Every structure is written in C-alpha cells, then in structure tokens.
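Asks: got a structure for you, letters missing:
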C-alpha cells in the first residue's frame with residue numbers, strides 16, 4: 001500500500017508539473033505574439049518612414065526643377081512695381097542662356113526647356129486687359145492673342161485680380177469676394193502655408209503653368225505722385241511649362257535617381273492627376289496604366305494636401321502625421337510650396353504613386369512576421385516536447401526503478417528459499433542428524449532439486465542479460481514442432497509431476513517444419529509451461545496444441561499454444577506482461593515466486609526467429625499463450641539471428 005501511495009503521489013506531482021509547464025508556455029507564447037506584433041508594426045513604420053524620406057527627396061528635386069525660373073524672375077507680391085517688363089525679359093533671357101555656362105550655380109537643374117513660354121497678363125488695365133509674351137530668343141516683348149489652352153486660366157486670374165489679397169487666394173475654388181470677408185476663426189496652419197508659400201507663386205495643373213500676382217504702374221500713372229497699395233489691382237506673370245519635358249526628362253530622371261537599385265528600378269513609379277476621373281501623367285512601366293491608389297505601397301500628394309474645405313479622407317493624416325500607426329504611412333502629403341489653382345471642386349492633386357516590384361511592402365513585412373511567428377512557435381513546440389519527454393522519461397525511469405526493485409526483491413526471495421533449504425540439509429548431514437543410506441539420499445535429492453532451481457534462476461538472468469547485450473542466437477535450422485514440444489516437456493517433466501498437472505497434447509503429425517534453434521525454442525516453450533504451472537488453479541490442466549495459420553500475404557505460419565485454466569489476466573495488465581521485470585499486483589500479493597523475466601525472454605526468442613508471441617486471457621477462466629513461427633520454406637536460411645535489445649519489445 002505504501003508503494004502504491006508513493007506512486008500515486010509521484011504521478012500527481014508530475015501532473016502538476018506538466019500543468020505548470022503548459023501555463024508557462026501559454027504565457028510565453030502570448031508574450032511572443034505580442035512582441036512579434038509590435039516588432040511588425042515598428043518595422044512597417046520604419047519601412048514607411050524610409051520610403052517617405054526618399055519620396056520627400058524626390059519631391060525636393062522636383063520642386064527645384066520648377067523653382068529655378070521663379071527665383072530667376074525675382075518676383076515678390078509687394079515688389080516689382082518699379083521694374084519694367086524689359087527687366088523681366090532680361091532676367092528670363094539670362095536664365096534661359098545659363099545652360100551654356102558650366103560654372104553657373106543656376107546650372108544645377110539643366111532642363112531649361114522646361115519653360116515653354118512666359119506671359120505678362122495686364123489685368124490692371126481696365127476694361128481691356130493685355131497679354132504680352134516675353135521672347136527670350138529675340139530679346140523682345142510681343143503682344144499676343146489669348147491661346148485657347150490658357151483661356152480658362154487667364155479668365156480665372158482676371159476674376160481674382162482686384163487686389164493683392166484676392167490674388168494671393170486665387171488658388172482656392174471659393175468665390176473671389178469670400179477672400180475679402182472677415183473670418184471669425186483664425187486661419188489654419190495649412191491656409192497660412194498656402195498664403196505664404198513661395199511668396200505668391202501658384203500652380204495650374206491642367207496647363208501646366210506657374211502664376212504670380214505683381215504690382216505694376218501703368219504708363220498713364222505718375223510714379224512720383226502715386227503709391228500702390230494692397231487694395232489696388234494687380235497684373236500676373238504666367239510661366240507656361242513644357243509638359244513633354246516633364247514627362248520625358250524630368251520625371252524619368254528623378255525616378256532613376258531615387259528608385260533604382262543594382263538590378264534596375266525597385267518600384268513601379270507613376271504620377272497621376274487625381275480627381276473625378278484620374279488620368280496618367282507619367283509611368284515608369286509602359287503597361288502600368290493608371291494604378292489603383294488603394295493598392296499602392298505609398299502615395300504622396302506632390303503639391304501638398306488639398307484645401308481643408310474639400311472632403312478627402314485620404315489626406316487626413318496631415319493632421320496627425322507625428323504618429324505613424326497601422327497603414328497610415330501609405331498616404332501622406334509633401335510640404336506645401338505651390339498652392340494648386342482649383343477651378344472646380346472635382347479637380348484633384350498630382351499624386352506620386354509607388355508599387356514595389358516584388359509585391360506589396362505590407363505583405364512582405366507580414367511574411368517576415370509570419371516566418372518569425374512560425375520559428376518562435378516551432379521553438380516553443382520543441383521546448384514543450386522536450387519538457388514532456390523529460391517528464392515521460394522520468395516517469396519511465398521511476399517505473400523501471402520500481403520494476404528493478406521488485407525484481408531484486410523477487411530474485412532475493414528466489415535465491416534465499418533454495419539456499420535456506422540447501423543450508424538446512426547440509427547442517428543436518430554435518431550434525432549427524434541424517435542416519436542411514438535412505439535418509440542421506442533424501443537429503444541429496446533435496447539439495448539437487450534446490451540447486452537446479454538456483455541454476456534455472458541464474459540461467460534466466462544470464463539469458464536476459466544476453467538479450468540486453470544483443471548477443472546472437474545460433475543460426476536457424478529446420479525443426480519439427482513435435483520435437484520442440486517433446487524437448488520442452490522433458491525439461492519441465494519433474495515440475496509438472498511434482499505439481500500434479502495433466503498435460504493434454506494436440507500436435508498433428510504432418511505439420512511443416514519451422515525455422516529455429518531447438519534449445520532456444522524449447523526454452524521459449526518451457527517459460528510458457530512454467531508460467532501456466534505458477535498461475536494454474538485447482539484443475540491443474542495444461543493444453544499443448546499446434547496448427548497452421550495463413551497470414552494476409554498468404555505466407556504459412558505455425559502456431560504452438562500453451563493453454564491453462566488458471567486465474568487469468570486482467571485487460572489492464574495484458575499490455576505490460578511482456579515487459580521485463582513486470583509482475584501483476586495479484587501475483588505479488590499472492591506471493592507467487594517469479595522474477596518477471598520469463599514472458600519477456602519468451603517473446604524475444606519468438607521475435608528473434610521471425611515470429612511473435614500473443615496472448616488471450618479472461619479472468620477466472622484461463623489464458624492461452626501462442627508462439628507464432630514462420631515455416632522453414634519461407635524463412636531466411638543463411639543469416640544469423642540476433643535478439644532485439646530490451647527496450648525494443650512490443651506488447652501484443
């Protein structure tokens with residue numbers, strides 16, 4: 001009882017350990033998932049920040065291409081009234097010819113043909129404004145008719161030329177008179193940026209063109225008698241850009257500069273004009289077409305966010321771009337430098353759109369995240385498996401230790417009993433208590449029987465040790481089943497007679513021969529017979545039978561069965577009776593002598609010659625142990641047979 005309680009306590013202890021390990025692993029897995037998710041989010045933000053940095057650099061160079069002519073003309077919202085149109089012509093001509101001088105700082109951006117034409121739109125001349133064209137090639141100012149492409153723009157500028165304040169807000173699609181109204185709310189940072197960006201330069205995307213309001217004295221006004229103010233009408237400088245140059249030189253050059261790697265372009269780059277109907281302005285790949293903005297890796301509004309009074313959720317990130325969370329980094333706006341003139345609410349901004357050639361960046365980050373989760377999960381599973389294996393190995397080691405202790409106790413008992421008998425007989429002879437030849441012969445018989453029992457015990461232990469070390473059996477040879485049975489009965493005859501057992505045989509005479517060794521297979525059958533004697537009941541009957549079975553592959557198999565009408569074996573013990581050292585609790589409680597090695601040795605002998613050992617049993621009815629051996633004509637003829645190691649046995 002004490003041993004059983006100890007084993008139960010041991011089992012409960014390891015169950016608690018396993019439960020604690022499972023909880024700990026669940027906590028570690030949760031922490032790993034959270035940390036991996038945080039790392040993924042941080043990696044997404046880092047990728048987005050790096051990509052945004054490159055796009056801002058692209059934006060600055062794009063701005064540089066546009067701004068060189070603005071700087072060269074030297075126009076300010078509150079200056080220029082004392083400059084003549086010839087002054088602007090000379091500056092334009094000087095800038096246009098600067099490409100021929102390599103030492104010029106203005107030569108930083110070489111695309112001088114980016115400017116197609118420069119016009120002066122004299123909207124301060126009422127009621128008939130005049131359009132002048134600056135001809136840098138011939139260094140003269142020419143009167144010009146209104147080009148059809150500029151008609152909408154010039155009309156819009158004329159409507160917004162009543163004063164400097166109105167002109168500076170010409171980019172807005174609000175009515176011009178609203179610019180003069182006083183707002184109760186202070187201007188937002190976005191409006192302040194737009195009002196002061198580049199000191200008055202504004203961009204018209206459809207032409208495209210850059211425009212700037214200027215004060216200028218008319219020829220009929222006396223310079224020394226009058227001074228212009230912010231409520232006087234303004235004129236306009238209109239710089240018409242060469243859209244073909246933008247498409248074929250500026251944008252391709254910037255794309256190669258910032259988005260190319262060792263193996264060419266890393267991104268598909270496009271510039272589109274958004275709005276009610278988006279259309280493509282530039283594409284790095286001929287078949288790209290107008291890309292889907294929502295499916296792109298990153299999108300930047302080139303000229304800054306739209307006005308605040310437009311409802312475009314795409315650019316709301318401007319209000320909280322200090323924290324890049326989730327996928328907000330996919331959409332952002334560049335700094336405002338040229339407010340865009342919007343004639344209608346359907347007008348949309350120019351967008352720089354990027355698509356990675358290897359797939360969406362978010363998908364790439366997710367793949368790395370999944371790989372990290374998988375690797376961490378595998379490590380945790382291996383750790384859990386290792387812990388479980390340690391626990392199972394500990395339990396098996398404890399069970400083996402218990403079996404070995406039981407074996408030591410059984411062997412000690414088996415040794416002590418015959419030794420005590422031999423010692424008692426020897427003392428009787430020594431002390432002269434045995435008188436006469438008959439008495440001496442009786443004592444000699446006792447000593448001989450007990451010595452044989454000791455030799456059998458030692459043989460079992462030595463045979464088990466030989467099996468454990470993998471020492472081979474003799475090569476198989478053809479044997480008659482009847483020969484094996486006779487040898488086993490001859491060796492166990494004394495035990496059967498002494499125990500009073502009746503042996504009933506049913507061995508057909510015309511059975512095929514089996515492959516094996518006589519002494520080894522006889523030992524296997526002897527162990528089964530001895531086991532039947534130990535656990536037989538009052539009927540004291542043993543049945544030996546043999547026959548032929550056919551397996552699923554049509555191979556012939558000989559079976560030799562040993563049956564008894566003993567106590568039987570419970571179903572819970574059937575899976576363990578062939579394990580070394582194992583003895584069922586009922587046998588230990590009944591103090592039935594044994595070492596727990598007989599059935600294990602029998603099983604290994606059968607398997608060593610290509611066979612197997614099976615058992616059927618019912619408690620209170622009896623048991624049948626059957627040795628299955630292959631027929632000689634289907635067994636290997638020349639290879640030596642090696643028993644399996646102790647740990648490789650399989651219970652039937």
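Replies: Everything's here; your move. What you see is a predicted model, and the numbers here were worked out from it, not measured in a lab.
Asks: Identify the residues contacting the closest residue in space to residue 338 that isn't next to it in sequence.
Replies: Residue nearest to residue 338 in three dimensions, not counting chain neighbours: residue 203, with 3.8 Å by Cβ to Cβ, 6 or more residues apart in numbering. (Each C-beta comes from the backbone N, C-alpha and C, glycine too.) Going by Cβ atoms under 8 Å, 6 or more residues apart in numbering, residue 203 touches 66, 171, 209, 210, 211, 303, 338, 339, 340, 341.
Asks: quick check, nearest of these to residue 605?
Replies: Comparing the contacts of residue 203 against residue 605 with Cβ to Cβ places residue 303 closest, at 92.5 Å.
Asks: pLDDT score assigned to the closest residue to that closest one other than its chain neighbours?
Replies: Distances taken as Cβ to Cβ, 6+ apart put residue 340 closest to residue 303, at 4.9 Å, once the chain neighbours are dropped. You'll see residue 340 listed with a pLDDT of 85.
Asks: quick one on the thing from earlier: now, the contacts of residue 203 that are in strands?
Replies: 209, 210, 211 (DSSP state E).
Asks: Please verify my assumption that the last one contacts residue 238.
Replies: So the one you mean is residue 211. Yes: the criterion here is Cβ atoms under 8 Å, and residue 211 meets it with residue 238 at 5.2 Å.
Asks: On the C-terminal side of the lowest-mean-pLDDT helix or strand in the chain, identify the next helix or strand.
Replies: Ranked by mean pLDDT, DSSP states H and E, the weakest helix or strand in the chain is helix 189-196, scoring a mean of 45. Proceeding C-terminally, helix 189-196 gives way to strand 202-204 as the next helix or strand, assigned by DSSP states H and E.
Asks: same question for that following strand, mean pLDDT?
Replies: Per-residue scores along strand 202-204 average to 89.
Asks: what's the offset of that strand from the middle of its chain?
Replies: 50 Å (Cα atoms, centre = their mean, to the nearest Å).
Asks: and what of stretch 558-576?
Replies: 51 Å.
Asks: Can you check the distance spanned by stretch 271-285, start to finish?
Replies: This stretch, stretch 271-285, spans 12 Å end to end (Cα to Cα, to the nearest Å).
Asks: where's the closest residue to residue 369 other than its chain neighbours relative to residue 22, distance?
Replies: Leaving aside its chain neighbours, residue 369 sits nearest to residue 40 (4.1 Å; criterion: Cβ to Cβ, 6+ apart). For residue 40, the distance to residue 22 equals 27 Å [Cβ to Cβ, to the nearest Å].
Asks: Likewise for residue 398?
Replies: Distance from residue 398 to residue 22, by Cβ to Cβ: 21 Å.
Asks: Same check on residue 422?
Replies: When residue 422 is compared with residue 22 (using Cβ to Cβ), they lie 57 Å apart.
Asks: Which stretches in the stretch 501-650 of the chain count as helices?
Replies: Taking DSSP state H, counting those that start in this stretch to define them, one finds helices in the stretch 501-650 of the chain at 518-534, 571-574, 585-589, 598-608.
Asks: Next, the contact list for the residue nearest to residue 303, please.
Replies: If you count contacts by Cβ under 8 Å, 6+ apart, then residue 340 has 171, 202, 203, 204, 205, 303, 304, 347, 349, 350 around it.
Asks: can we see that at 6 Å?
Replies: 203, 205, 303 (Cβ atoms under 6 Å, 6 or more residues apart in numbering).
Asks: Distance to residue 599 added to those residues, as CSV?
Replies: Formatted as CSV, the entries for these read as follows, by distance: Cβ to Cβ, whole Å:
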residue, distance to residue 599
203, 97
205, 94
303, 91
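Asks: Quick one: neighbours of residue 33, just the number.
Replies: 13 (other Cβ atoms under 10 Å).
Asks: my bad, residue 394
Replies: So residue 394, with other Cβ under 10 Å, has 14 neighbours.
Asks: any idea what sits nearest it, other than its immediate chain neighbours?
Replies: Nearest one to residue 394, counting by Cβ to Cβ, 6+ apart, is residue 14 at 6.9 Å.
Asks: Same check on residue 626?
Replies: residue 561 (4.4 Å).
Asks: Can you tell me the number of residues neighbouring residue 567?
Replies: 21.
Asks: Which residue, neighbours along the chain excluded, lies closest to it?
Replies: residue 535 (5.5 Å).
Asks: Can you name every helix or strand that the helix or strand that contains residue 397 contacts?
Replies: Here residue 397 sits within helix 361-430, counting by DSSP H and E. Secondary-structure packing of helix 361-430 (3 or more Cβ pairs under 6 Å, 6 or more residues apart in numbering; DSSP states H and E): helix 2-73, helix 437-469.
Asks: The first one versus helix 361-430: what angle between them?
Replies: Relative orientation of helix 2-73 versus helix 361-430 (axes from the mean of the first three to the mean of the last three Cα atoms, to 10 degrees): 160 degrees.
Asks: Name the next helix or strand downstream of helix 2-73, please.
Replies: helix 85-96.
Asks: Quick check: buried residues in that following helix?
Replies: By neighbour count on 16 or more other Cβ atoms under 10 Å, the buried set for helix 85-96 is 88, 89, 91, 92, 93, 95, 96.
Asks: What about residue 123, how many residues nearby?
Replies: Neighbours of residue 123 using other Cβ under 10 Å come to 22.
Asks: Now do the contacts for it.
Replies: 129, 158, 161, 235.
Asks: Check whether the first one really touches residue 120, as I assumed.
Replies: No: in terms of Cβ atoms under 6 Å, residue 129 does not count as a neighbour of residue 120; the distance is 10.2 Å.
Asks: So which residues of the stretch 151-300 of the chain form helices?
Replies: According to DSSP H, counting those that start in this stretch, the helices that the stretch 151-300 of the chain contains are 151-159, 164-168, 189-196, 243-245, 251-259.
Asks: what's around residue 256, how many residues?
Replies: Residues lying near residue 256 (other Cβ under 10 Å) number 13.
Asks: Look up the pLDDT of it for me, please.
Replies: On the pLDDT scale, residue 256 gets 91.
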